[in-house]
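Trainee: here's my sequence, what's the structure:
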Amino acid sequence: MIDMSMGPVHISSGPGSNSSSMCLTMVLNALEEDNKVIWMTRNLPDQRKILDVLGHLDDSVLNRMIAVEFGDEISRKLDGINSILSKFKKNDLLIIENWCESHGRAELKEITLMEKLVTKYNEIKIIITSESYEDASGKNRGLQGFMSRGGKTIEDYFRTVWLTKIDNQYQKVLITDGEKEILVEYTKKGYKLIS
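Mentor: Numbers count the residues shown, from 1 in each chain. This next block holds a predicted model:
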C-alpha cells in the first residue's frame with residue numbers, strides 16, 4: 001500500500017483521512033509478512049478498532065508486535081525500546097503515530113528526535129505520522145494547500161506521503177506518494193486498495 005523500499009516515510013494526513021487506521025493496516029501487513037513491529041502512538045485508539053484490524057491474528061503473530069502509548073513522553077519511551085530496536089532487521093517496522101502535536105508547530109526537540117532516530121536506525125523501516133495543516137500564507141504550498149509538519153528537516157530525512165479524504169466519497173482516501181496516487185477505502189479490517 002505504501003512503498004517502504006525507498007526509506008523512511010512521513011505520513012501527513014489531512015482532515016478525516018484516519019491515519020490511525022492506516023497505521024493499523026501497515027502493522028497488519030508487516031506482521032503478515034513475518035516481521036516484527038513496534039507501534040508507538042500518542043494515544044491508543046479504541047480497543048474495538050484494534051481488534052477489528054488485528055483480532056484475527058493468533059498469539060504467535062501478535063507476539064512480534066509491541067504497542068507503546070507515549071502521551072507527552074516520546075523521548076523517554078523511545079529510550080526504553082532502544083535495545084529492542086537495535087535488534088530489528090531490515091524488514092522490521094517502527095511506526096510512530098502522531099510524532100508531534102496536531103496543533104501549532106512541531107517542537108524542535110521532537111524534530112531533532114526524529115532526525116536522530118532515522119540516522120541511528122537507518123537500516124529498518126520507519127513510518128511517522130502527523131496531521132497536515134492548512135497553509136496560511138495563501139501561496140497554496142504543499143498538497144492542495146495543506147502542509148506537512150516538521151519543515152525542511154523532516155522533509156530531508158523522510159519521504160512525505162499524503163493521506164487525503166475524498167470529498168463526498170464515504171470512507172475513501174487518496175494516498176499521494178510523489179507522482180503516484182492510490183485510492184483506498186476504509187473497512188472494518190483496515191484500509192483496502194480500490195485501484
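Trainee: how about whatever helix or strand Leu163 lives in: buried residues?
Mentor: Following DSSP states H and E, one finds Leu163 within strand 159-165. In terms of neighbour count (16 or more other C-beta atoms under 10 Å), strand 159-165 has its buried residues at 159-165. C-beta: built from backbone N, CA, C; applies to glycine.
Trainee: for the residue found closest to Glu97 once you drop the neighbours it is linked to in the chain, list each beta-bridge partner.
Mentor: In space, Glu97 comes closest to Thr41 once its chain neighbours are excluded; the distance is 4.0 Å by C-beta to C-beta, 6 or more residues apart in numbering. Beta-bridge pairing for Thr41 (DSSP bridges): Glu69, Glu97.
Trainee: could I get the pLDDT score of Thr41?
Mentor: At Thr41, the pLDDT value in this model is 97.
Trainee: and if you look at Gly104?
Mentor: pLDDT for Gly104: 75.
Trainee: now Gly142
Mentor: 53.
Trainee: with the one 4 residues further on instead?
Mentor: Listed pLDDT for Phe146 reads 67.
Trainee: please enumerate the helices of this protein.
Mentor: Secondary structure of the chain (DSSP state H): helices at 19-32, 47-54, 59-62, 74-85, 108-120, 151-157.
Trainee: what's the fourth one in contact with?
Mentor: Which is helix 74-85. Contact with helix 74-85 is made by 38, 40, 42, 66, 68, 70, 94, 96, 99, 109-110, 113, 117, 121, 124, as judged by C-beta atoms under 8 Å, 6 or more residues apart in numbering.
Trainee: now that helix: buried residues?
Mentor: The neighbour-count check on helix 74-85 (16+ other C-beta under 10 Å) flags 74, 78, 85 as buried.
Trainee: just the C-alphas of stretch 53-73, formatted as CSV.
Mentor: Extracted in CSV, the C-alpha atoms of stretch 53-73 (Å, rounded to 0.1, in the frame of the first residue of the first chain):
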residue,chain,number,x,y,z
VAL,A,53,-8.0,-5.0,12.3
LEU,A,54,-5.7,-7.3,14.3
GLY,A,55,-8.1,-9.5,16.2
HIS,A,56,-8.0,-12.4,13.8
LEU,A,57,-4.2,-12.9,14.2
ASP,A,58,-3.1,-15.7,16.5
ASP,A,59,-0.8,-15.1,19.6
SER,A,60,2.3,-16.3,17.8
VAL,A,61,1.9,-13.5,15.3
LEU,A,62,0.9,-10.8,17.8
ASN,A,63,3.9,-11.7,19.9
ARG,A,64,6.0,-10.0,17.2
MET,A,65,4.3,-6.7,18.0
ILE,A,66,4.8,-4.2,20.8
ALA,A,67,2.4,-1.3,21.2
VAL,A,68,3.6,1.7,23.2
GLU,A,69,1.4,4.7,24.2
PHE,A,70,3.7,7.6,24.8
GLY,A,71,1.4,10.6,25.6
ASP,A,72,3.8,13.5,26.1
GLU,A,73,6.9,11.3,26.8
